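**Student:** sequence first, predicted model second:
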Amino acid sequence: MSTRRRRLGSAVLNGYLYAVGGEQADNYGDFIALSSVEKYNPATNQWTPVDAMKKKRYGLGVAVVNQMLLAVGGNDRTSDLGTVEAFDPKTNKWKNHSCMNDGRNGAGVGVIRVP
């Protein structure tokens, strides 16, 4: 990765590994939340930046639903987030998706298929 990060979310979509958000230390040892996103191509062993999320967030959950990445909750260093953003790899853009009733930080997410 070109950006060092911890407490990020990750998921695999269309054969790429996505590293989403997280936090990194600044020059003073304080941690700052990230909105940046990178994808890893195992065929070329290279990381490439993609569109950044609308909100900075660490401790987020990430899942793949309907061929899109969902970034769920997390914290922006001010409060726990209840927002969800969706990334469409076809357009390389994030958009606001939905909101949870309460903000969540460090929560896991899962996907079930409903017939």
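**Tutor:** Structure's in. What do you need? Residues are numbered from 1 along each chain as shown.

**Student:** please, where are all the strands along this protein?
**Tutor:** Along the chain, the segments classed as strands by DSSP state E run 9-13, 16-20, 23-25, 31-33, 37-41, 46-50, 61-65, 68-72, 83-88, 93-99.

**Student:** would you mind putting these into TSV with distance to Ser2 and mean pLDDT alongside?
**Tutor:** No exception for glycine: its C-beta is placed from N, CA and C like everyone else's. Listed next are the strands of the chain as TSV, based on distance: least, C-beta to C-beta, whole Å; pLDDT from 0 to 100:
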stretch	distance to Ser2	mean pLDDT
strand 9-13	15	98
strand 16-20	10	98
strand 23-25	11	95
strand 31-33	16	96
strand 37-41	7	98
strand 46-50	6	98
strand 61-65	19	97
strand 68-72	19	97
strand 83-88	18	98
strand 93-99	19	94
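
**Student:** and Asn105, which of the ones you listed is closest to it?
**Tutor:** With C-beta to C-beta, the closest approach to Asn105 among these belongs to strand 61-65: 9.7 Å.

**Student:** what does that closest one contact?
**Tutor:** Strand 61-65 has contacts (C-beta atoms under 8 Å, 6 or more residues apart in numbering) with 9-13, 18, 20, 69-74, 104, 107-111.

**Student:** out of the residues you listed, which are buried?
**Tutor:** 9, 11, 13, 18, 20, 69-74, 104, 109 (16 or more other C-beta atoms under 10 Å).

**Student:** out of those residues, who's nearest Ile32?
**Tutor:** Within the buried ones among the contacts of strand 61-65, the smallest distance to Ile32 is 13.4 Å, found for Gly74 (C-beta to C-beta).

**Student:** show me what contacts the closest one?
**Tutor:** Gly9, Gly21, Ala33, Arg57, Tyr58, Gly59, Leu60, Gly61, Asp80, Leu81, Arg104, Asn105.

**Student:** please tell me how far it sits from Leu13.
**Tutor:** Separation of Gly74 from Leu13 (C-beta to C-beta, to the nearest Å): 19 Å.
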